[in-house]
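# Quick one, what's the 3D model for this:
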Amino acid sequence: MEPRAAAGSVGIVTPLTQRFEQPLELACGRTLPGYDIVYETYGTLNADCSNAVLICHALSGNAHAAGYHSPADRKPGWWDNCIGPGKPID
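Below is the predicted model of the structure:
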């Protein structure tokens, strides 16, 4: 089945990266000199941005929570069955 045709799929998504150059001090006492946060967005933000939902993954997870990265991609995001139209996180 084409990813775009999958019932309730958010479709094709593109991972985005935000780079932070300022150091981040960790609870263990070490410091990251810089770091990247990779994320995906689904749908459209409303005018007052009140429909945004942050989903945090497990340490062993990744940013690919829902949808597909390309039409040829056979593996949806790790929480694809919970994110999208008519699903618990809609």
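# Show the pLDDT at the closest residue to I89 other than its chain neighbours.
In space, and not counting its chain neighbours, I89 is closest to I83: 4.7 Å by Cβ to Cβ, 6 or more residues apart in numbering. In short, each C-beta sits where N, CA and C put it, glycine included. Looking at I83, its pLDDT is 93.
# what are the phi and psi values for I83?
Here is the backbone geometry of I83 (degrees, to the nearest 10): phi -120, psi 120.
# Pull the contacting residues for it.
Contacts for I83 (Cβ atoms under 8 Å, 6 or more residues apart in numbering) come out as V10, Y42, I55, A65, A66, G77, I89.
# how close does it sit to V10?
6 Å (Cβ to Cβ, to the nearest Å).
# Now, of the contacts of I83, which are buried?
By neighbour count, with 16 or more other Cβ atoms under 10 Å, the contacts of I83 hold V10, Y42, I55, A65, A66, G77 as buried.
# Of those, which pair is most distant in space?
Farthest pair in the buried ones among the contacts of I83 (Cβ to Cβ) is V10 and I55. Separation: 12.2 Å.
# rewinding a little: let me know the closest of the buried ones among the contacts of I83 to P23.
Nearest member of the buried ones among the contacts of I83 to P23, counting by Cβ to Cβ, is I55, at 26.3 Å.
# The closest one belongs to a strand?
No. Looking at I55 with DSSP: H, G, I helix; E, B strand; the rest coil, it is coil, so not inside a strand.
# from memory it sits against D80, does it?
No. Using Cβ atoms under 8 Å, I55 makes no contact with D80, being 11.9 Å away.
# what's D36 sitting at in phi/psi?
Backbone torsions of D36, given as degrees, to the nearest 10, read phi -110, psi 140.
# I'd assumed Q18 was in contact with it.
Yes. The criterion here is Cβ under 8 Å, and D36 meets it with Q18 at 7.0 Å.
# Check which helices and strands the helix or strand of the chain with the lowest mean pLDDT sits against.
Least confident helix or strand, the chain: strand 35-39 with a mean of 93, by mean pLDDT, DSSP states H and E. With contacts taken as 3 or more Cβ pairs under 8 Å, 6 or more residues apart in numbering; DSSP states H and E, strand 35-39 sits against strand 16-20.
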